[in-house]
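# Next input, structure requested:
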Amino acid sequence: MCDARRPGYDYPLGDLIDFHCHILPGIDDGAKDINVSWAMIDASVRQGIQAVCFTPHFYADRDDPEKFFQRRDKAFIDLKRSVPTVFPVMACGAEIHYFEGIAAMEQLMRMRITGTDLLLIEMPFRRWTDRCVADIVEINSRKGVQVFLAHIERYLRHSTPEMLSHMRSQGVLIQSNADFVIDRSTRSRALRMLYDGEIDILASDSHNLRSRPQNLRDAYDVIDEELGEDFSEALRVRGRLLVRNILPAG
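Below is the predicted model:
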């Protein structure tokens, strides 16, 4: 059983949005149970996160969409009931691994983060094809859909600058994990991509409390120092605009 703690209860409401994380209990390779989920939410709020978008993995070759929704929604409801506080805002979506035929998937719209147009897609970890890129652009062209690609740094070697440029020109958004900014071995490239407008969204992609923890604030601290607080604030504002319909008014 969970204890009587109140995650975030004594902390001021922050202004960061975590667009990609694996905090739902027992649903994928993220939080193993509700106590870990609770601790991860607590860590999120301590870092100034205002809204958390739960994005459990969905693999079409392993799972039936309806069964996925049932498991996800049950985990979401159980977690919300266990957290006796009104913040952070919690919304549910999915991290859909790209597959041939994704554009024809009947349940695709239901994979969006609730209350938003945002649809998170994980691209293939192999050489991208023109068909793959065309599918993403086609999905993004639909009314009520805003595609954003998960952790772009993980497959830069699988794409080409031309492919990424084409998708960005068609309105597809690019997400980077906080680690890309924090890690000194990749920081320079991450900051350059941010400065050049090649990254639109930051997220934690957190899975647990130790090896892949909540670290979004650390990434923003680096951006504050290296690119300036005005740049960092513009990134924050962009994030809040993307989820404005689920944030409290005012």
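# for the closest residue to Ile152 other than its chain neighbours, helix, strand, or coil?
Leaving aside its sequence neighbours, Ile152 sits nearest to Ile174 (Cβ to Cβ, 6 or more residues apart in numbering; 4.9 Å). (Each C-beta comes from the backbone N, C-alpha and C, glycine too.) At Ile174 the chain is in strand, as set by DSSP: H, G, I helix; E, B strand; the rest coil.
# With Ser185 instead?
When classified by three-state DSSP, Ser185 comes out as coil.
# Where in this structure is the helix or strand with the lowest mean pLDDT?
Across the helices and strands of the chain, mean pLDDT, DSSP states H and E gives its lowest value to helix 34-46, namely a mean of 90.
# by contact count, what packs against that helix?
For helix 34-46, the packing partners by 3 or more Cβ pairs under 8 Å, 6 or more residues apart in numbering; DSSP states H and E come out as strand 16-21, helix 65-82.
# Go through these and find the least confident stretch.
Ranked by mean pLDDT, the helices and strands packed on helix 34-46 bottom out at helix 65-82, with a mean of 93.
# For that one, give me every contacting residue.
2, 23-27, 34, 37-38, 54, 56, 58, 90, 92, 94, 105-107, 110 (Cβ atoms under 8 Å, 6 or more residues apart in numbering).
# Please repeat the previous calculation with a cut-off of 6 Å.
Cys2, Leu24, Pro25, Ile27, Ile34, Ser37, Pro56, Phe58, Cys92, Gln107 (Cβ atoms under 6 Å, 6 or more residues apart in numbering).
# Show me what the next helix or strand after that helix is packed against.
Counting by DSSP states H and E, the next helix or strand C-terminal to helix 65-82 is strand 89-92. For strand 89-92, the elements it packs on are strand 49-54, judged by 3 or more Cβ pairs under 6 Å, 6 or more residues apart in numbering; DSSP states H and E.
# just how off-centre is the helix or strand just after the strand it packs on within its chain?
Downstream of strand 49-54, the next assigned helix or strand under DSSP H and E is strand 57-58. Mean-position distance between strand 57-58 and its chain equals 12 Å (Cα atoms, centre = their mean, to the nearest Å).
# for stretch 59-69, same thing?
Put simply, stretch 59-69 sits 19 Å off its chain's centre (Cα atoms, centre = their mean).
# what's the span of that stretch, first residue to last?
12 Å (Cα to Cα, to the nearest Å).
# All good on my end, thank you.
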